[in-house]
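Enquirer: Got a predicted model here, sequence first, then my questions.
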Amino acid sequence: MSMVCLAAYDSKGAIASTSCGPEETALATLRLNSGLPYIETQSAAFHDAHYVLNGKLENRPEGPAYLDGLTLKGVKTGSRVTIEGVEYTADGSDLELEFTLPGIYAVAVELWPYKKQEFIVEDKT
């Protein structure tokens, strides 16, 4: 019996579930957990690292945003920016980060299919 890895994916290409093992077992397990389309992969696929594009497993690209002091640059339009649990939708412009109190803050940037980016920002003012 041959061994396979299968990855089910949604309409965006996001990995919904993966199953590896003997072909019949892997397929049965995948079908128990998902009715989504699937592809055969060389190894297990993971939602945070991979996606399906044109029927092929691809690595999710690194996000383009970067921190320059207290300015978040390279944030693409439509990105979800989360600052200390509060979500904003980016319009593509640079984001000047301002905080009411000095401290260390967590900032996350998400836009499919890019990998989630997380920044630790220290405001000393």
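Expert: Structure received.

Enquirer: Can you name the residues in contact with the helix or strand of the chain with the lowest mean pLDDT?
Expert: Lowest on mean pLDDT, DSSP states H and E among the helices and strands of the chain sits helix 23-33, with a mean of 91. Helix 23-33 is contacted from outside by 1-6, 8, 17-21, 38, using CB atoms under 8 Å, 6 or more residues apart in numbering. (C-beta placed from N, C-alpha, C; glycine too.)

Enquirer: give me that answer again for 7 Å
Expert: Contact partners of helix 23-33, identified using CB atoms under 7 Å, 6 or more residues apart in numbering, comprise 1-2, 4, 6, 8, 17, 19-20, 38.

Enquirer: Return the member of the residues you listed nearest to residue 51.
Expert: For the contacts of helix 23-33, the minimum distance to residue 51 (CB to CB) is 12.2 Å, reached by residue 8.

Enquirer: Helix, strand or coil: sort out the closest one for me.
Expert: Following DSSP: H, G, I helix; E, B strand; the rest coil, we place residue 8 in the strand state.

Enquirer: mind listing the strands for the chain?
Expert: Here the chain has its strands, by DSSP state E, at 3-9, 15-22, 38-41, 50-53, 56-59, 66-68, 71-73, 80-83, 86-89, 95-96, 103-110, 117-123.

Enquirer: what's around residue 72, how many residues?
Expert: 24 (other CB atoms under 10 Å).

Enquirer: Read off the pLDDT value for it.
Expert: Looking at residue 72, its pLDDT is 96.

Enquirer: For residue 108, see how far away it is.
Expert: Residue 72 sits 11 Å away from residue 108 when distances are taken as CB to CB, to the nearest Å.
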